[in-house]
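Student: everything below, folded, please.
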Amino acid sequence: MSINTAHAQGGVLIFAGERILLYCDDVEMGFDGDHQPEFKGNKKGRLYLTTHRVIFNSSSSKEAMQSFSMPFYCMRGIELEQPVFGANYIKGKLVSEQGGKWQGVVKIKMWFTAGGAIEFGQAMLRAGQLASRYQVQQPPPYTPPQGPVYQAPPPMYTPQYDNYNWVPFGAFPTAPPAQQVYMTESPPPYSGIEPTAPPPPMNGHPQGADAKAREAASSAYYSPSAPHNVYMPQQAPNNVYMPQQAPNNVYMPQQFPSGAPPSYSDAVNKKNQ
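Tutor: As a prediction, this is how the structure comes out:
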């Protein structure tokens, strides 16, 4: 995880090839267990679930922590809490990543004052489970985003109904404001929920030897006249199970290969004992 590496020009900053699945306003985030200045006090802002991580962006420009990046493989003991009084929240621990300019373990809580904690948490757990399939035993040292920053193309943040139909898109706003989503040319430094795909064209100019193919794909998979019909040229491998509909009772393993969070159903069962 890293501090102040996932924001730009008042919005969120994602890697090339990373997609935003959900975003939620009116989230408050608190930290415990570390004395680093940026962790002091609760923070209010917006939360994003992407194909590679969870990102918190502060709503105040005066906050020392403008953004907080939480890759799935850094999460431990994530649970969803539903108190009788007060807003539902997500809690757990995060461990630092090599090269993330911070060392140790910090406890987190994320309150959803306008609702959505359960839906967001379930999607986050499923994304973490899927990402664990491609996780290497020892991820490379974290490298902050490098190079120019561009406004991200719409397919990087609009709902992908056909490809990610386990995501509860209907429980949240359709997509974050376009002027608040930015992208760097750097690829994600850790695995996501699908095999690594070539990055999209940046600022209208595709990169790499297959630039023409990428440019054709980018012009084909989004239509402004039909924003809810999105063609995704990258498809999941034939041997990867992508459920058509998230079942009511989803089994999530107690540990990912690196010790990932328990499932929502396990957390609820534990809470009701």
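Student: quick check: next helix or strand after the strand or helix carrying A131?
Tutor: Per DSSP states H and E, A131 falls inside helix 117-131. Note on helix 117-131: by DSSP H and E, the next helix or strand toward the C-terminus is strand 149-151.
Student: just checking, what packs against that next one?
Tutor: Counting contacts by 3 or more Cβ pairs under 8 Å, 6 or more residues apart in numbering; DSSP states H and E, strand 149-151 packs against strand 181-184. Every residue, glycine included, has its C-beta placed from N, CA and C.
Student: what are the pairing partners of the strand it packs on, and which direction each?
Tutor: strand 11-14 (parallel), strand 149-151 (antiparallel) (DSSP bridges).
Student: nearest spatial neighbour of Q180, skipping sequence neighbours?
Tutor: Leaving aside its sequence neighbours, Q180 sits nearest to G11 (Cβ to Cβ, 6 or more residues apart in numbering; 3.3 Å).
Student: same deal with P177?
Tutor: Closest to P177 by Cβ to Cβ, 6+ apart is G11, at 7.7 Å.
Student: that neighbour contacts Q179, correct?
Tutor: Yes - look at G11 against Q179 with Cβ atoms under 8 Å: they come within range, at 6.9 Å.
Student: more neighbours: which of the two?
Tutor: A count of neighbours by other Cβ atoms under 10 Å puts G11 above the other of G11 and Q179, at 20 against 10.
Student: which strand residues bridge the more buried one?
Tutor: Per DSSP bridges, residues listed as beta-bridge partners of G11: A8.
Student: so what's it up against?
Tutor: N57, P176, P177, Q179, Q180, V181, Y182 (Cβ atoms under 8 Å, 6 or more residues apart in numbering).
Student: switch to 7 Å and redo it
Tutor: Residues near G11 by Cβ atoms under 7 Å, 6 or more residues apart in numbering: Q179, Q180, V181, Y182.
Student: now, among the residues you listed, which is nearest to Q146?
Tutor: Of all the contacts of G11, Y182 has the smallest distance to Q146: 13.7 Å, by Cβ to Cβ.
Student: and that closest one, how far from H52?
Tutor: Noted for Y182: a distance of 16 Å to H52, by Cβ to Cβ, to the nearest Å.
Student: those two: which has the busier surroundings?
Tutor: H52 (24 against 20).
Student: list the buried residues in stretch 58-69.
Tutor: Across stretch 58-69, burial judged by 16 or more other Cβ atoms under 10 Å covers S58, E63, M65, Q66, S67, F68, S69.
Student: mind checking which of these are in strands?
Tutor: S58, S67, F68, S69 (DSSP state E).
Student: nearest residue to the last one other than its sequence neighbours?
Tutor: This points to S69. S69 sits nearest to A6 (Cβ to Cβ, 6+ apart), 4.4 Å away.
Student: same thing with the third one?
Tutor: Computed as Cβ to Cβ, 6+ apart, the closest residue to F68 that is not its neighbour in sequence is F56, at 4.4 Å.
Student: picking that back up, so the residue nearest to S69 sits right up against R53, yeah?
Tutor: No - here A6 lies out of contact with R53, judged by Cβ atoms under 7 Å, at a distance of 8.2 Å.
Student: what is in contact with the two at once?
Tutor: Common neighbours of A6 and R53, using Cβ under 7 Å, 6+ apart, are S69.
Student: what residues sit buried inside the helix or strand encompassing R76?
Tutor: For R76, the enclosing helix or strand under DSSP H and E is strand 75-81. Buried residues in strand 75-81, counted by 16+ other Cβ under 10 Å: M75, R76, I78, E79, L80, E81.
Student: do stretch 1-14 as well
Tutor: For stretch 1-14, burial by neighbour count (16+ other Cβ under 10 Å) applies to M1, S2, I3, N4, T5, A6, H7, A8, G11, V12, L13, I14.
Student: cool, and stretch 182-198?
Tutor: Residues 182-186, 188-194, 197-198 are the ones in stretch 182-198 that count as buried (16+ other Cβ under 10 Å).
Student: from those residues, which is closest to A171?
Tutor: Of these, the one sitting nearest to A171 (Cβ to Cβ) turns out to be I193, at 18.7 Å.
Student: quick one on the thing from earlier: out of the buried residues of stretch 58-69, which comes closest to T113?
Tutor: Nearest member of these to T113, counting by Cβ to Cβ, is S58, at 15.1 Å.
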